[in-house]
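*Asks:* can you look at this prediction? I've put the sequence above it.
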Amino acid sequence: MLDFIYYPVSFILWCWHWVFGHVFGESSGVAWALGIVFLVWTLRAIMFKPFVKQVRSMRTMQEFAPEIKKIQKKYANDRQRQAQEMQKLQREHGFSPLGGCLPMLLQIPVFIGLFHVLRSFGNSPNENYFFDASGVSSYLQANLFGAGLSNFITQPQELLERYGAGDRTAVIIVSIPLMILASVLTYLTARHSVERQNPASATAQTAIMNKLTMYVFPIGVLVFGFFFPIGLLLYWLSNNFWTLMQQRFVYKRIDREEEEKKTAAIEKRTNLAPKPGAKPDTAKKRPGTAPAPGAKPAPNAKAAGTPKKPAPGAKPAPNAKAAGTARPKSGGNTNKPTGSASTPNGAANKDGSTDSGLSADRSRNKNTGRKKR
């Protein structure tokens with residue numbers, strides 16, 4: 001049913017056993033142990049890019065955790081609207097919750113495939129997917145310090161002897177250290193992941209998951225290690241070791257990238273800011289500033305001092321002269337007399353004097369400007 005998983009796992013194990021079998025011997029326990037370890041590391045290397053995407057997606061979700069909480073609080077009674085707003089936020093910032101679960105989900109079929117392939121060595125003595133009868137016999141004869149790779153601590157004595165173990169003590173001596181190391185690495189991996197979390201994104205569910213990964217899972221490795229074959233314990237140990245090293249490497253790489261972005265942004269702001277003691281840029285002139293000498297006036301620009309026309313219907317200001325009234329030139333005969341009201345030509349004023357200027361003005365012809373003869 002799951003042959004599409006079993007065959008690839010069996011093929012990768014066959015390749016690595018062929019490599020190390022030429023060095024340590026085909027039936028050597030070291031060759032088979034290294035084959036299992038490098039099988040795990042090969043599969044994890046294939047899943048390296050999804051793991052990086054997982055870390056980036058988790059970091060992005062932690063950055064926008066306050067906004068997610070606001071949406072959950074705002075639409076607490078409207079689940080449909082809450083889901084729509086969450087999807088909108090995810091599309092805008094390009095992160096997905098499934099991206100953080102994908103590498104973990106991919107490890108499940110790998111674990112199932114390896115468990116089935118290792119168990120099949122004892123159930124099918126003639127062949128095991130890519131292994132023929134000699135390959136199956138080689139696996140069953142291999143042992144580490146007197147314990148077969150298919151043995152486990154709680155295994156019946158008959159099966160212990162059948163799968164190459166001379167004594168249960170040898171199985172315990174080999175299995176217990178592998179169980180402890182696998183449990184410790186599981187705890188260190190979980191603690192490193194929890195330390196990298198943003199406190200602002202912490203929720204009740206997050207706290208529960210942190211406790212599960214930091215305490216329950218390591219204890220589970222110890223408990224289930226009594227029922228796991230030595231070959232599967234090697235898988236668990238090598239997988240947790242890879243996860244811890246990969247996690248540290250990826251987080252350092254992402255931290256370095258973010259630090260470089262911050263440094264570049266600071267340098268950019270520094271370059272745009274004016275230097276200390278430098279005068280501000282005066283290229284832009286304020287409104288009303290006189291034009292530079294020799295500069296041409298702008299088209300349709302009004303000359304300075306030109307009186308503005310009053311708006312239609314506006315009343316003139318008191319004592320203001322009518323627009324367009326020209327001042328008379330000084331020294332001419334067009335000056336209006338000052339003083340008392342005008343009198344007829346040759347008539348005397350009250351003080352007995354005559355106004356010759358007024359009679360001279362009146363003697364002018366309005367149309368020709370000549371004096372009457």
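*Replies:* Good, I have the coordinates.
*Asks:* and Thr263, how far from Glu257?
*Replies:* Distance, Thr263 to Glu257, using CB to CB, to the nearest Å: 11 Å. Any C-beta I mention is one placed from the backbone N, CA and C, and that applies to glycine too.
*Asks:* equivalent analysis for Asn240, please.
*Replies:* For Asn240, the distance to Glu257 - CB to CB - is 26 Å.
*Asks:* compare the two and say which is more crowded by neighbours.
*Replies:* Using other CB atoms under 10 Å, the more surrounded residue of Asn240 and Glu257 is Asn240, with 24 against 11.
*Asks:* could you list every helix and strand in contact with the stretch of helix or strand that one belongs to?
*Replies:* Per DSSP states H and E: Asn240 is located in helix 230-272. Judged by 3 or more CB pairs under 8 Å, 6 or more residues apart in numbering; DSSP states H and E, helix 230-272 is in contact with helix 29-46, helix 48-63, helix 97-123, helix 168-195.
*Asks:* which stretch among those comes nearest Leu144?
*Replies:* Ranking those by proximity to Leu144 (CB to CB) places helix 29-46 first, at 4.3 Å.
*Asks:* list the buried ones in that closest one?
*Replies:* Under the neighbour-count criterion of 16 or more other CB atoms under 10 Å, helix 29-46 has 29, 31-41, 43-44 buried.
*Asks:* how about Asn126, secondary structure?
*Replies:* Following DSSP: H, G, I helix; E, B strand; the rest coil, we place Asn126 in the coil state.
*Asks:* ok, and the closest non-adjacent residue to it?
*Replies:* Nearest non-adjacent residue to Asn126, counting by CB to CB, 6 or more residues apart in numbering: Ala133, 5.0 Å away.
*Asks:* average pLDDT across the strand or helix carrying Lys70?
*Replies:* In this assignment (DSSP H and E), Lys70 forms part of helix 65-74. For helix 65-74, the mean pLDDT works out to 75.
*Asks:* what's the following helix or strand after it?
*Replies:* Downstream of helix 65-74, the next assigned helix or strand under DSSP H and E is helix 79-93.
*Asks:* extract the CA atoms of that following helix and return them as CSV.
*Replies:* Taking Å, rounded to 0.1, in the frame of the first residue of the first chain, the C-alpha atoms of helix 79-93 are listed here in CSV:
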residue,chain,number,x,y,z
ARG,A,79,-15.6,32.9,13.0
GLN,A,80,-16.2,33.3,9.3
ARG,A,81,-15.1,37.0,9.3
GLN,A,82,-12.2,36.1,11.5
ALA,A,83,-11.0,33.4,9.0
GLN,A,84,-11.4,35.9,6.1
GLU,A,85,-9.3,38.6,7.9
MET,A,86,-6.7,36.0,8.8
GLN,A,87,-6.4,34.9,5.2
LYS,A,88,-6.2,38.5,4.0
LEU,A,89,-3.3,39.1,6.5
GLN,A,90,-1.5,36.0,5.3
ARG,A,91,-1.8,37.0,1.6
GLU,A,92,-0.6,40.5,2.3
HIS,A,93,2.5,39.4,4.1
